[in-house]
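Enquirer: build me a structure from this.
(one chain, ligands or ions: 1)
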Amino acid sequence: MKKLFLASLVVLVASAISTYLLYLDDSFLETENDFGSKIVLGFAQLGAESEWRSASSASIKDAARRYGIELMFENAQQKQENQIKAIRSFIAHRVDVIAFSPIVETGWDNILLEAKAEGIPVVLVDRHIRTESDGLFAAFVGSDFVEEGRKAGRWLRKKFADAEGEVRVVELRGTEGSSPMRGRYEGFREALGDNDWDNDPKSSAQFKVLCSLRGDFMRSKGRETMEQILSSYSNIDVLFAHNDDMAMGAVEAMEERGIRPGKDVVVISVDAQRSAVEAMKQGKINCIVECNPYVGDRLMELVRKLVAGVSVPSRIYSEEKVYTEDDAPEDLPVHPY
Ligand code: GZL
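Expert: Got it, this is the predicted structure:
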């Protein structure tokens, strides 16, 4: 009996030690590439056009530090050619993985074919691309922009469920040719025109988009464009801004003309950055569709798996909420950006 107990104790201790060593071995391997050196990630950021973008960059830098991954970080200053140059330099440096937030959807085939030829995996962060060739990236981590647009449209239909007649909408669009601009634009219209919903109020309102003008996701451009819109159109009922920076610029433009944002004009925005949430608390923004910038940890997990040769999901979407004027202040997010 005693021998049996001792034998089972030895087996138990041995399995505990081997499990611990496996863990150590796995965690040790995860910060090293095949050559026993630190994993190197090349990241080509598109710019610093918005608070959201700054938060995204901070999330990536912080996560690389915590995951023990060496980060080569380049800021393309809103120019696709700079992103392409940065990716080419990562290839020359033979980084382990390349990641980037493509400023626009097209024009990436050649540079990604160069990365593929060198056997360097590529991860899309935040924004999608459209390519002629298949298999040019290993994974995408970010948001579903079409769904974000639908969320904005669904809320608007509920807001005007009891309205009669025409509801006059103006739109501030994000960067031309970018996937968030296209997705939010399409999803918003899909929801407004979608008449076969089960659980949503059938609205007799007729939503009319008077104009959809570019704001480049920037506060200054959002204000400038909203000033043009206010000079050109009267009786505006709703503003749909593709991000908070443009919405906040438009709020300034409205207030300068004595228009009460959130009251005279219903304001819908996307992101949920700090200044927009504060504006919602002041009654100046009515609905914010969250867009999560914190992709750093998920990106580093993907990088580790790709280096270890572990298969990864092709798309990883963020969980995102919708915040409205009906939410209690304490239920609204307090983002550090
Ligand atoms: C969306 C992101 C957009 C944000 C804007 O994932 O690409 O770009 O909504 C940012 O704030 O400029």
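Enquirer: residues contacting A64?
Expert: Going by C-beta atoms under 8 Å, 6 or more residues apart in numbering, A64 touches L41, E70, L71, G296, M300. Yep, even glycine has a C-beta here, placed from its N, CA and C like the rest.
Enquirer: ok, then the element right after the strand or helix carrying it?
Expert: According to DSSP states H and E, A64 maps onto helix 51-67. Per DSSP H and E, helix 51-67 leads on to strand 70-75 as the next helix or strand towards the C-terminus.
Enquirer: output the contacting helices and strands for the helix or strand just after that next one.
Expert: With elements assigned by DSSP H and E, the helix or strand that comes after strand 70-75 is helix 80-92. Judged by 3 or more C-beta pairs under 8 Å, 6 or more residues apart in numbering; DSSP states H and E, the packing partners of helix 80-92 are strand 40-45, strand 70-75, strand 97-100, helix 109-117.
Enquirer: in its sheet, which strands sit next to the second one, and in what direction?
Expert: Pointing back at strand 70-75 there. If you go by DSSP bridges, strand 70-75 pairs up with strand 40-45 (parallel).
Enquirer: look at A7 and report its pLDDT.
Expert: Note for A7: predicted pLDDT of 61.
Enquirer: for the one 3 residues further on, same thing?
Expert: The predicted local distance difference test score for V10 is 60.
Enquirer: now A14
Expert: In this model, A14 carries a pLDDT of 55.
Enquirer: what about the stretch 1-150 of the chain, any weak spots by pLDDT?
Expert: The stretch 1-150 of the chain contains residues with pLDDT under 70 at 1-30, 32-36.
Enquirer: same deal with the stretch 151-300 of the chain?
Expert: Applying pLDDT under 70 to the stretch 151-300 of the chain picks out residues 194-204.
Enquirer: sorry, back to before: dump the contacts of A64 to JSON lines, plus neighbour count.
Expert: Formatted as JSON lines, those follow (neighbours: other C-beta atoms under 10 Å):
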{"residue": "L41", "neighbour count": "28"}
{"residue": "E70", "neighbour count": "15"}
{"residue": "L71", "neighbour count": "20"}
{"residue": "G296", "neighbour count": "24"}
{"residue": "M300", "neighbour count": "26"}
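Enquirer: where along the stretch 151-300 of the chain do the strands fall?
Expert: Counting by DSSP state E, counting those that start in this stretch, the stretch 151-300 of the chain has strands at residues 165-173, 205-214, 238-241, 266-271, 287-290.
Enquirer: for the ligand, find the nearest of these.
Expert: Comparison of those against the ligand by C-beta to the nearest ligand atom identifies strand 266-271 as nearest, at 4.9 Å.
Enquirer: so which elements touch the closest one?
Expert: Using 3+ C-beta pairs under 8 Å, 6+ apart: strand 266-271 touches helix 145-159, strand 238-241, helix 244-256, strand 287-290.
Enquirer: of these, which is nearest the ligand?
Expert: Closest among those, using C-beta to the nearest ligand atom: helix 244-256, at 5.9 Å.
Enquirer: thinking again about what came up before, check the contacts of A64 against the ligand and report the nearest one.
Expert: Closest to the ligand, out of all of the contacts of A64 and judged by C-beta to the nearest ligand atom, is G296, at 13.9 Å.
Enquirer: what's the closest non-adjacent residue to that closest one?
Expert: In this structure, G296 finds its nearest non-sequential neighbour in A63, 2.9 Å apart by C-beta to C-beta, 6 or more residues apart in numbering.
Enquirer: so what's that neighbour up against?
Expert: Neighbouring residues of A63 by C-beta under 8 Å, 6+ apart: G296, D297, L299, M300.
Enquirer: next one: F137
Expert: By C-beta under 8 Å, 6+ apart, the contact set of F137 is L112, P121, V122, V123, L124, I129.
Enquirer: looking at those residues, which are in strands?
Expert: Counting by DSSP state E, the contacts of F137 place V122, V123, L124 in strands.
Enquirer: make a ChimeraX selection of the buried ones in those residues.
Expert: A single ChimeraX command suffices to select whichever of the ones in strands among the contacts of F137 are buried according to 16 or more other C-beta atoms under 10 Å:
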select :122,123,124
